[in-house]
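1. Provide a 3D model corresponding to the input given below.
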Amino acid sequence: MDDRTHPRRPAPAGDGGGDPAGDPRRAPVTGERAELRIEARIEAAGQAGIDADAPLFVISVAAQLAGMHAQTLRSYDREGLVSPGRSSGGGRRYSQRDIELLREVQRLSQDDGVNRAGIRRIIELEAQVDALRARLAELSVENAELRADLVQSRMDAANAAANAVAGLRRDVVPWRTTAGDVAPWLRPPRRG
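-> Numbers count the residues shown, from 1 in each chain. Model (predicted):
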């Protein structure tokens, strides 16, 4: 059997004869290099306008990106910690946001020693904070619009008042009464 076709022996370096190990461009990417490549793809997808909530990654890729075993991801899904989308065939599909959440769950569990119930509560509270921040942003925009409308209404009212005063007949003279006049409307106005 030839060295190049034997399943356990790699081809000589530089030969490239059918074995990926012989060609560095076709060599399998593992470990940190694989994660960096996938990270670059995620970043490129974000820059290309792909939604961070789009379910793109199968469980094996998501597990590699999160640095954990696929069975751990299944366990998190069963417990409701990280619930990915599903494909039409029922397979799990993780989004970029899901992967970030998986990393956060792992950090809380391993680095901070938080149990799964605590992690679940933290995730719920963070979701509430995010929802409140979004609502605050909506209300801030609405408040700014209402303030702009108020300023415009005040300017419109001032213009209307100025136009009403300017539109008064110039020949009508306002009537001034003195303290002793009983019926000032009976007296003819002075011309002068």
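
2. So, low pLDDT: which residues of the protein?
-> Across the chain, the ranges flagged by pLDDT under 70 are 1-49, 169-190, 192.

3. And the helices in it, which stretches?
-> Applying DSSP state H to the chain gives helices spanning 31-47, 59-66, 70-79, 96-110, 116-166.

4. So which elements touch the fourth one?
-> For helix 96-110, the elements it packs on are helix 31-47, helix 59-66, helix 70-79, helix 116-166, judged by 3 or more CB pairs under 8 Å, 6 or more residues apart in numbering; DSSP states H and E. Bear in mind the C-beta positions are built from the backbone N, C-alpha and C, glycine included.

5. hey, C-alpha coordinates of it in CSV?
-> The C-alpha coordinates for helix 96-110 follow below in CSV (Å, rounded to 0.1, in the frame of the first residue of the first chain):
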residue,chain,number,x,y,z
GLN,A,96,-24.8,35.0,17.3
ARG,A,97,-26.8,36.3,20.3
ASP,A,98,-27.3,32.7,21.5
ILE,A,99,-23.5,32.1,21.3
GLU,A,100,-22.8,35.2,23.3
LEU,A,101,-25.3,34.0,25.9
LEU,A,102,-23.7,30.6,26.0
ARG,A,103,-20.4,32.2,26.7
GLU,A,104,-22.0,34.3,29.5
VAL,A,105,-23.5,31.2,31.0
GLN,A,106,-20.2,29.5,30.9
ARG,A,107,-18.4,32.5,32.5
LEU,A,108,-21.0,32.7,35.3
SER,A,109,-20.8,29.0,36.0
GLN,A,110,-17.1,28.5,35.8
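
6. List the contacts of it.
-> Contact with helix 96-110 is made by 42, 45-46, 52-57, 62, 65-68, 73, 76, 81-82, 84, 94, 114-116, 118-119, 122-123, as judged by CB atoms under 8 Å, 6 or more residues apart in numbering.

7. Would you list the buried entries among those residues?
-> Burial by neighbour count, 16 or more other CB atoms under 10 Å: within these this picks out 42, 55-57, 62, 65-66, 68, 73, 76, 81-82, 84, 94, 114, 119, 123.

8. The closest residue to residue 60 other than its chain neighbours and residue 125: what is the separation?
-> Excluding the flanking residues, the one nearest residue 60 by CB to CB, 6 or more residues apart in numbering is residue 70, at 5.8 Å. Distance, residue 70 to residue 125, using CB to CB, to the nearest Å: 28 Å.

9. Identify all contacting residues around stretch 69-87.
-> Contacts for stretch 69-87 (CB under 8 Å, 6+ apart): 55, 59-60, 62-63, 66, 92-95, 98, 101-102, 105, 116, 119-120, 123.

10. and what of stretch 140-154?
-> Counting by CB under 8 Å, 6+ apart, no residue sits against stretch 140-154.

11. which parts of that stretch are buried?
-> Across stretch 140-154, burial judged by 16+ other CB under 10 Å covers no residue at all.
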